[in-house]
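A.B. asks: Please work out how this folds:
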Amino acid sequence: RSAWLDSLQREKAAFIQVLRTMTAAQVYAIARKALGDIAHADLETSAIEVFLARLRELPEPERKALAASIEETGNEVTVRSFFEIAPELRQKATDSLHRHIAAGIAVNFETAPDLIMGIELKTRGHKISWSLQDYLDELEEKTLRALEKEDRQKPRSQAEKEIPNEGPEKKLRITKESDDKDES
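C.D. replies: Numbering: from 1, shown residues only. Now for the predicted structure:
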């Protein structure tokens, strides 16, 4: 009966952990959808402005590396965004890329629904972006880490047993080991 109760407790704990993880994932999925649904022109302009600020703030070594990477790919770059970028904002982005990265590059624009309210420029080995997805991913990662940490810190009294070894004074403690590899 004791073994059955222990087994039932382990199954219950595993189920609760899976349920918590699934609940967190659903919360993030709903947040992503809601943020995607509220996108409008003011937010689009703000996203472009944040993106252009990141271009302006690039340290010189990164700027040169980005320019070299773009040159290696035929002086062409694609800017992806969650929304269709208005022509005047496309021109502003192109002018900024020419001014801060390389004057002779061709800039293509495409819509990417996977970028939640975001914009990015990607080349071989380099990426400049801003997206609410980044913030949501960070929040999700921190939540999952907190859940894992909480699980590791639970008392192990159920998993620990003391087994006598060579008399009453000497005992061998056996503790169920966790599978966790990263405790950060």
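
A.B. asks: And the next helix or strand past the helix or strand residue 33 falls within?
C.D. replies: Using DSSP states H and E, the element containing residue 33 is helix 2-37. Note on helix 2-37: by DSSP H and E, the next helix or strand toward the C-terminus is helix 41-56.

A.B. asks: The most centrally placed residue in the chain in helix, strand or coil?
C.D. replies: By C-alpha atoms, centre = their mean, the chain has its centre lying nearest to residue 137, at 3.2 Å. Going by DSSP: H, G, I helix; E, B strand; the rest coil, the secondary structure assigned to residue 137 is helix.

A.B. asks: Also residue 85?
C.D. replies: For residue 85, the assignment made with three-state DSSP gives coil.

A.B. asks: wouldn't it be in contact with residue 47 here?
C.D. replies: No. The criterion here is C-beta atoms under 8 Å, and residue 85 misses it with residue 47 at 9.3 Å. Placement of C-beta: from N, CA and C, glycine included.

A.B. asks: who touches both of these two?
C.D. replies: residue 119 (C-beta atoms under 8 Å, 6 or more residues apart in numbering).

A.B. asks: secondary structure element for residue 78?
C.D. replies: Using DSSP H and E, residue 78 sits in strand 76-81.
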